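In: show me the folded form of this:
(one chain, ligands or ions: 2)
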Amino acid sequence: MLTRFPMEGACMRRYPGFDPPEYLDWQADPALVAEYRARLAADPARAEVVAALDEAALLALYAGMVRNRLHDHALQRWVRQGVISKAWLGRGEEAVTIGAVHALERGRDVVAPMIRNAGACHELGMPVADMLRGYLATGDAPNGGRDGHVGAPELGVLPPVSPVGDMVPVIAGVALAFRLRREPRVALTWVGDGATGTGAFHEGLAFASAQHVPAIFVIQDNQVALGTRAQAMHRGDFGDWPRALGLPGARADGNNVLDVYAATRLAADRVRGTDEGPFLLVADTFRMGGHATHDEAEARATFDAGLFRTWGARDPIGLYEEHLVAEGIARTRLEALEAEVTAEVDAAAEAALASRTAAPAVPEHAEYPGFSAGVRQPGLARRLNA
Ligand SMILES: Cc1ncc(C[n+]2csc(CCOP(=O)(O)OP(=O)(O)O)c2C)c(N)n1
Ligand SMILES: [Mg+2]
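Out: Ligands and ions are numbered 1, 2, ... in the order given. Prediction:
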């Protein structure tokens, strides 16, 4: 039985020590709930997409965001316990990942998440235990324990890479293949506000644009990159970029899962099987913590506390709960679903930990033919380190 932290007007359990302080005693601000619901009614095309969602689909979006947050809590717990040294979280940005992924066709479309979009993996079918095994680098992790980046190409999820922006040209290529083969499939990747400054982003987008590929690029504008505020990196507004680039585009409230869902679905409908793409979607949100678990305090010291307050009040899970309740879904229904997902993630964490003894890391997995042989050349390692 779950012990529930302050419950009045909120559903999801809050976790002192893991949740950002702004989420701990989260109470819905009626004005923000009204704004959230008004946003969904404002655009008739998006409203129609949302209206077509049945209760099961609405609840799946809820479960997906809760799963995403609890996956992050599991990682935070391990960092605290010294099981792993650090983790990258998607806290406060769950709606951008979950809304976009649910709008795609599972088993057909392909996504390339950033590490902050880990929720894409579990929502496209990767067991949470496998995602966690990736962090533990066990021999049975999806990538054999090679590093912390896991994906499942067979499920349509490419593994993330460290160089930010690099998945833009990759996804452009995937989408080009779809177009050349005349397959009605869509490829999507998220790009951070910081990563929009890379050459890879601009080159990839220019290529995708010239080739009219069926891709969606989501600028996930969480307003910060490492310890730098977006204004220090950019002038102007991302909302102007689609027009500047001559591309179809739109803006979504990145803390409103249904708005992201509808915007992505409309974008996918537009580029699927046509030469209208690519589509550039700008999603506004905020990183409710550090770049990763190691610099939470630094982020708090660097960025204005008002930002955390403003965006903390817009917790994408809390606001969605209020919307669902206003739509007639009982809080007890949401609580039961949350309990189910909590049990699922707890069991996944246990299973992943068990892999450390059942399937320890395999040193040979760290070797790549050619490259590893090269590094073993006499003197090369010393020269590389020089
Ligand atoms: C090409 C490249 N340059 C620099 C880095 C170092 N780096 C890692 S994350 C990061 C900031 C990314 O910010 P943003 O794109 O806004 O994504 P966010 O972390 O906010 O999700 C940087 C500069 C990198 N990984 N790759
Ligand atoms: Mg950013």
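In: can you give me the pLDDT of the closest residue to residue 211 other than its chain neighbours?
Out: Nearest non-adjacent residue to residue 211, counting by C-beta to C-beta, 6 or more residues apart in numbering: residue 176, 5.4 Å away. Yep, even glycine has a C-beta here, placed from its N, CA and C like the rest. Model confidence at residue 176, given as pLDDT, is 98.
In: ligand 1 versus residue 176, what's the distance?
Out: From residue 176 across to ligand 1, the span is 22 Å (C-beta to the nearest ligand atom, to the nearest Å).
In: so what does whichever helix or strand that residue is part of touch, helix or strand wise?
Out: According to DSSP states H and E, residue 176 maps onto helix 167-180. Applying 3 or more C-beta pairs under 8 Å, 6 or more residues apart in numbering; DSSP states H and E, one finds that helix 167-180 contacts strand 110-112, strand 187-192, helix 199-210, strand 215-221.
In: excluding chain neighbours, what is closest to the residue in the stretch 1-150 of the chain that ligand 2 sits nearest to?
Out: Here the stretch 1-150 of the chain gets closest to ligand 2 at one residue, residue 116, 8.2 Å apart by C-beta to the ion. Nearest residue to residue 116, sequence neighbours excluded (C-beta to C-beta, 6+ apart): residue 90, at 4.7 Å.
In: please apply the same query to residue 300.
Out: Nearest one to residue 300, counting by C-beta to C-beta, 6+ apart, is residue 308 at 7.3 Å.
In: what's the strand or helix carrying that neighbour packed up against?
Out: Per DSSP H and E, residue 308 falls inside helix 305-312. Counting contacts by 3+ C-beta pairs under 8 Å, 6+ apart, helix 305-312 packs against helix 21-24.
In: what's the helix it packs on packed up against?
Out: helix 305-312.
In: centre of the chain to the helix it packs on, how far?
Out: Between the centre of helix 305-312 and the centre of its chain there are 20 Å (C-alpha atoms, centre = their mean, to the nearest Å).
In: contacts for it?
Out: Applying C-beta atoms under 8 Å, 6 or more residues apart in numbering, the contact partners of helix 305-312 are 20-23, 26, 92, 223, 255, 285-286, 288, 300.
In: kindly report the same for stretch 44-51.
Out: Here stretch 44-51 has contacts from 40-41, 258-259, 261-263, 265-266, using C-beta under 8 Å, 6+ apart.
In: buried set for it?
Out: 46, 49-50 (16 or more other C-beta atoms under 10 Å).
In: what bridges to residue 188?
Out: On the basis of DSSP bridges, residue 188 takes part in beta bridges with residue 111, residue 216.
In: who are the contact partners of it?
Out: 100, 104, 109-112, 171, 215-218, 264, 268.
In: if I look at it, what pLDDT would I see?
Out: pLDDT at residue 188 comes out at 98.
In: for residue 237, see how far away it is.
Out: Between residue 188 and residue 237 the computed distance is 22 Å (C-beta to C-beta, to the nearest Å).
In: pLDDT weak spots in the stretch 101-250 of the chain?
Out: Along the stretch 101-250 of the chain, segments meeting pLDDT under 70 are nowhere present.
In: name the residues that touch stretch 268-281?
Out: 100, 103-105, 109, 172, 175, 179, 182, 184-186, 188, 205, 208-209, 212-219, 241-242, 245, 247-252, 263-264, 267.
In: from the residues you listed, list just the buried residues.
Out: Applying 16+ other C-beta under 10 Å to those flags 100, 103-104, 109, 172, 175, 179, 185-186, 188, 205, 208-209, 212-219, 241-242, 245, 247-252, 263-264, 267 as buried.
In: before we move on, the earlier item: kindly reformat the buried residues of stretch 44-51 as TSV containing pLDDT.
Out: TSV is the format used below for the buried residues of stretch 44-51 (pLDDT from 0 to 100):
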residue	pLDDT
46	98
49	98
50	98
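In: closest to ligand 2 out of the helices and strands packed on helix 167-180?
Out: Smallest distance to ligand 2 across the helices and strands packed on helix 167-180 (C-beta to the ion): 3.8 Å, for strand 187-192.
In: so who does residue 302 touch?
Out: If you count contacts by C-beta under 8 Å, 6+ apart, then residue 302 has residue 227 around it.
In: how many neighbours does the residue of the chain found nearest ligand 1 have?
Out: Taking C-beta to the nearest ligand atom, ligand 1 has its nearest neighbour within the chain at residue 192, 2.1 Å off. Residues near residue 192, counting by other C-beta atoms under 10 Å, number 23.
In: same thing with residue 325?
Out: 17.
In: what about it, helix or strand, and which?
Out: helix 316-326.
In: ok, residues contacting that helix?
Out: Here helix 316-326 has contacts from 9-12, 23, 26, 28, 32-33, 36-37, 40, 58-59, 61-62, 65-66, 69, 92-95, 254-258, 285, 331, 334, using C-beta under 8 Å, 6+ apart.
In: ok, of the residues you listed, which come out buried?
Out: By 16+ other C-beta under 10 Å, the contacts of helix 316-326 give 10-12, 23, 26, 28, 32-33, 36-37, 40, 58-59, 61-62, 65-66, 69, 92-95, 254-258, 285, 334 as buried.
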